[in-house]
Each structure stands twice: as C-alpha cells, then as structure tokens.
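Undergrad: when you get a sec, could you give me coordinates for this:
(chains A, B, C and D)
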Protein chains: 2
Amino acid sequence: MKEQFYKYQYPHPAVTVDCIIFGFDGQNLKVMLIQRKSEPFAKMWALPGAFVEEAESLESCAERVLQKEGNISGVYLEQLFTFGSPSRDPRERVISVAYMGLVKTADFELIAGNDELQIEWRDISAISDLAFDHSQILQTAINRIRGKIRYQPIGFELMNAKFTIPQLQQLYEAILGKTLDRRNFRKKLLSMQILKQLPEKQQNVAHKAASYYQFDRERYEVLMNEGIYLELV
Amino acid sequence: MKEQFYKYQYPHPAVTVDCIIFGFDGQNLKVMLIQRKSEPFAKMWALPGAFVEEAESLESCAERVLQKEGNISGVYLEQLFTFGSPSRDPRERVISVAYMGLVKTADFELIAGNDELQIEWRDISAISDLAFDHSQILQTAINRIRGKIRYQPIGFELMNAKFTIPQLQQLYEAILGKTLDRRNFRKKLLSMQILKQLPEKQQNVAHKAASYYQFDRERYEVLMNEGIYLELV
DNA sequence: AATTCATTGTGTAAAATTTACACTTAAATA
DNA sequence: TATTTAAGTGTAAATTTTACACAATGAATT
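TA: The predicted structure is shown next:
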C-alpha cells in the first residue's frame, strides 16, 4: 500500500462530482447508470461519478467522468445541486456536486469503464434503489428537468444537433409525462423564433417526412439578455 | 504553531460555504457584506463564509456563518450554486457552496464577528470589487433571485412574518428594478390564494392603513404538489 | 399503378388571461 | 376640520391560450 499522504491543518472533506445524464430514445426518458465493481455498495447501481482532482474544475471533472465511465463527450452540462450530508458516504465525509445533461441515446455507445461491471440506459420509471443517496439525487434531477422545461428550451439547450418538431414534442411529453397538442406545440415553438429550419427532411419514414430544425443559439442569447421568458408548456 | 495534521491518501480540497443574504429595507435591495480582517484580501469587502466542519451539513454551516458573522438566525436559505474553479483562492484549492436568503433589514441588528472589521447592508447598486470571486457569486445570486421571483413567490418563501401587499410589491419592484401596476399586482397575488389576511392593520401611518397578510405555507405546498405554477410578474 | 397506412402540417373561433387606467377611502397631521 | 398621502377597488380592450379536423406526403402493400 502506498504510504504517501496529503496533510492539512484542518479536516478536509472529499469532493466528488456525480453525473445525471438523461437519455432520450425517441420514446422514453432514460438515465445512465453504472453497476459498481468495488465497495462500498459493490454490485449496486449508481450514478457515474469521480473524486475531483487537484487542478480540474468541477465541470471538467464531470466531463472526465462521462468520458471515462461512459465514453461520452461533448455534452451540455448544468450544475444541479451539491449534496453534503455528513453521513452520505460510509467511508469518510464526501460532498458531491451533481451535474446533469441530456442526450439522445442513439448518439453514444455506452462502454463501461474500469470501475464498473456494467453501464446502461435505465428508464426513469424503472429505477430501484441506488447506491449512496443517488436515488435522492436522481429524484432532484427529475424534478429539476420537469420544472425547467416549462420556462427554458431544454430540448435545445441540452440536445445538440438537428431534430424534428415532433421529436422534440415527444421529448417534452416524455419529460412531463403527459401528451401535448401538436398544433399548439408547433405554433408556440415557432413563434419564439429560436429555431432554424434546415433544408433537410427525414428519410425512409413510411409517412410524410418531417423537416429538420436546429436550435438558433444566437437568437436565444439575445432573447435571454432581453429578459424574455420562453414558456413552452 | 500547532503541528497536528489531518492526513488523506488523496488530495482533498477545502470546502467553504458563502452566504448571500439579501436585505429589504422597504425601499431598496441590499446585501450583507463583511470587511475582512485577515489575509488573503485583508480589508476588502466580501460575502460572509466559513469552512465546512467535519460533522455539519452544508446548510448547518450556512446557519452557523450567519449566526457567528452577522448575529442572524432563523432565515430561510436556499442553495445557489457551487463555485469550484481551481484558482479561486490563492491559499489552496477551495470549493465554495453558496447559499442565499432574503430578510427585512429591520429585523436584524448586524454585529461583526471576530474575523471581521465591519459588517453592513450594501445597496446592490453600489457594489464594488469584492474579495475572491465574490463579485461573480453575488451576480449569480442577483440573476437567480430575479429569475426566480417570476415563477415562485419568493417574497413569502424567503420573508418570514407579516407584510402588507404594497410592501411586498415594493420588494418585487426592488428586485426586478421596475415598477408594477398596483391593481394588477394585488389582483393576481390574491387570486393565487396563498395569502392569509390578518385582522391587523398598519399603525401610525399618515394615510389609509394597509392590511397585514401572511404567507399560507400549507396552501402553497398543496399548489406546488399539484404542479401549479405561480407566475406573479 | 393504385391503394392503404401512418404521421406531418396547417387555421380558426371561443375562452381565459393580461393589460391599461382613475376615483374613492382611510389615517395622521397641521 | 382641512390637507396630505398612500390604500383599495372594477372594467373594457387586447392578447394569449385552448380546443379541435382535415388535407398532404411518402413508403409499403396489393
């Protein structure tokens, strides 16, 4: 065993970053979970996370976690909350900063890292007990994304690339857990003028092909700076 | 110098809690600032804060800070954000969890703690450079309270005790930095049915006395659980 | 080649909400 | 008792939200 130690005059907690990555498969909302290899909570499912290293920012740490534990990169991340109950980790005092993101499941092939037995997209309606206080962290994330979607265009902020309006609506329905009126959804969405229509349509669908759109980030920034509220639902 | 050390196998950052306490004096929005006694940033103004102790939760730490550094207690606190840039403190890696609250300035007599030269309520329009990254933290807090006030009844959540509707409106105007229509504000507010009218009126005011109201927390919880949105502005 | 199937895309009228706006009432003070 | 100051109140017009049905498209099937 290595016998090098880091010494401090006062007690320092350990700090981790845990990631809640929501995945949308076109139908349902999933979350990325890993199965732990080591103690504590060996074999239990948990959110991917890592200890913060000396010279990295919290957000860089989140990016490193996703790269290392799930082979995912280039995801828009948002800080969720910091969990610091003194007893949340049996080993020592660990404070966890949680980050969340949203991707299309099809865009990434999950590959378990060295510390995991498995990694998978789990439907948010099928979550059982997770390691540590991760069930609570996940519930906080679900509440946050449901609340946030009502007044910020999450689908675009968190989803890169192109999408059709019906796809985006399905995402909204998956997050909110209810159906929305197609005409009204489209009307309100387009009236915000934060979408750029691409000269492209769906291919090989056995019905009328939908147009692809892209989030107009520039226009979005302008509206945000003007303090305009984008309520979509 | 004390030679006792805490040893860890991996580097641990220090963790602090910094508090942004907004104060409303009936007219303007202020923030509680302290003038630092010691290095680093000695004599500069800063947000009150403290290192997290081994057995306390983050929120308890925030409460301790307010008690010790400002003689304030019983304030509703909300976690704002966690700031973790590796270089934000010149001494060592320090991650700061920021909490914010809102009180009436008249309800508390600020008393500087041992580590401070002074403590005061500073108008948010008169903030100059603060120690560390505290200017950035404060700006984040101002943005948050301005955003939040639009869809959550902050005035009540964060203000204890009784208030009149015009007082609450002044708070809203101070936070948003613009005037609101008196009749419409009152109408919308009362239509939410989250206020209990008290059988009490203002005393000794040289005009028609306003009724006191109280936030009906129970009713508020019910509405929140139903997913109802309380947009006030 | 024609038909079927599935989903996209579109408009309008009714209902609900938001906005703009002015006079009367109450309490203290002169 | 008159004056001053801010509280309290209603309505009509404008805007936004909601509910709702049919034509268009493209692949698959006959």
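Undergrad: in stretch A:126-133, what counts as buried?
TA: Going by neighbour count (16 or more other C-beta atoms under 10 Å in any protein chain shown), the buried part of stretch A:126-133 is A:127, A:130-133. (Glycine included, C-beta is placed from N, CA and C.)
Undergrad: out of those, the closest to DNA strand D would be?
TA: Ranked by distance to DNA strand D (C-beta to the nearest atom of the strand), the buried residues of stretch A:126-133 are led by residue A:127 at 30.1 Å.
Undergrad: which residue ranges of chain A form helices?
TA: Ranges of helices within chain A are A:58-70, A:134-148, A:154-158, A:165-176, A:182-191, A:217-225, based on DSSP state H.
Undergrad: show me what the spatially most central residue of chain A is bridged to.
TA: For chain A, the residue nearest the mean C-alpha position is residue A:101 (2.2 Å; C-alpha atoms, centre = their mean). For residue A:101, the beta-bridge partners are residue A:21, residue A:77 (DSSP bridges).
Undergrad: same check on residue A:35?
TA: If you apply DSSP bridges, the partners that residue A:35 bridges to are residue A:45, residue A:118.
Undergrad: what's the burial count for it?
TA: 17 (other C-beta atoms under 10 Å in any protein chain shown).
Undergrad: and for residue A:214?
TA: By other C-beta under 10 Å, the residues close to residue A:214 number 15.
Undergrad: I'd say it and residue A:194 touch.
TA: No. With contacts counted by C-beta atoms under 8 Å, residue A:214 stays clear of residue A:194, the gap being 10.0 Å.
Undergrad: re the thing from before, weakest of the helices of chain A by average pLDDT?
TA: Of all the helices of chain A, helix A:154-158 carries the lowest average pLDDT, namely a mean of 68.
Undergrad: for DNA strand C, what are the nearby residues on chain A?
TA: Residues of chain A found near DNA strand C (C-beta under 7 Å from any atom of the strand) are A:164-166, A:182-184, A:186-187, A:205-211.
Undergrad: can you tell me which of those is nearest residue B:198?
TA: residue A:184 (41.8 Å; C-beta to C-beta).
Undergrad: I'd like to know how far that closest one sits from residue A:233.
TA: Distance, residue A:184 to residue A:233, using C-beta to C-beta, to the nearest Å: 10 Å.
Undergrad: in terms of neighbours, single out the busier of those two.
TA: Set residue A:184 next to residue A:233 and count neighbours by other C-beta under 10 Å: residue A:233 wins out with 16 against 10.
Undergrad: thought residue A:201 was touching residue A:162, still the case?
TA: No. Using C-beta under 8 Å, residue A:162 makes no contact with residue A:201, being 10.8 Å away.
Undergrad: overlap in contacts of these two?
TA: In terms of C-beta atoms under 8 Å, 6 or more residues apart in numbering or on different chains, residue A:162 and residue A:201 are both contacted by the residues residue A:212.
Undergrad: what about residue A:187, neighbour count?
TA: Per other C-beta under 10 Å, the neighbour tally for residue A:187 reads 10.
Undergrad: re the thing from before, out of the helices of chain A, flag the one nearest chain B.
TA: Across the helices of chain A, chain B has its closest neighbour in helix A:58-70 (3.8 Å, C-beta to the nearest C-beta).
Undergrad: which helices and strands does that closest one pack with?
TA: strand A:14-24, strand A:29-36, strand A:49-51, strand A:77-83, strand A:94-104, strand A:116-123 (3 or more C-beta pairs under 8 Å, 6 or more residues apart in numbering or on different chains; DSSP states H and E).
Undergrad: where's it relative to the chain centroid, distance-wise?
TA: Chain-centre distance of helix A:58-70: 12 Å, with C-alpha atoms, centre = their mean, to the nearest Å.
Undergrad: anything in stretch A:208-217 near DNA strand D?
TA: Yes. Stretch A:208-217 comes into contact with DNA strand D (C-beta under 7 Å from any atom of the strand), by way of A:208-209.
Undergrad: residues of that stretch that come out buried?
TA: Going by 16+ other C-beta under 10 Å, stretch A:208-217 has these buried residues: A:212-213, A:215-216.
Undergrad: also stretch A:171-186?
TA: For stretch A:171-186, using 16+ other C-beta under 10 Å, the buried residues are A:171-176, A:180, A:185.
Undergrad: centre of the chain to it, how far?
TA: Distance of stretch A:171-186 from its chain centroid, counting by C-alpha atoms, centre = their mean, is 19 Å.
Undergrad: what about it, start to end distance?
TA: 13 Å (C-alpha to C-alpha, to the nearest Å).
Undergrad: quick check, that stretch touching chain B?
TA: No. Contact between stretch A:171-186 and chain B is absent, the nearest approach being 9.2 Å (criterion: C-beta under 8 Å from any C-beta of the partner chain).
Undergrad: stretch A:213-225 now?
TA: No. Using C-beta under 8 Å from any C-beta, stretch A:213-225 stays clear of chain B, coming no nearer than 10.1 Å.
Undergrad: so what's the gap between that stretch and the chain middle?
TA: For stretch A:213-225, the distance to the chain centre is 21 Å (C-alpha atoms, centre = their mean).
Undergrad: over to stretch A:86-103?
TA: The chain centre lies 15 Å from the centre of stretch A:86-103; the measure is C-alpha atoms, centre = their mean.
Undergrad: cool, and stretch A:55-62?
TA: Offset of stretch A:55-62 from its chain centre (C-alpha atoms, centre = their mean): 16 Å.
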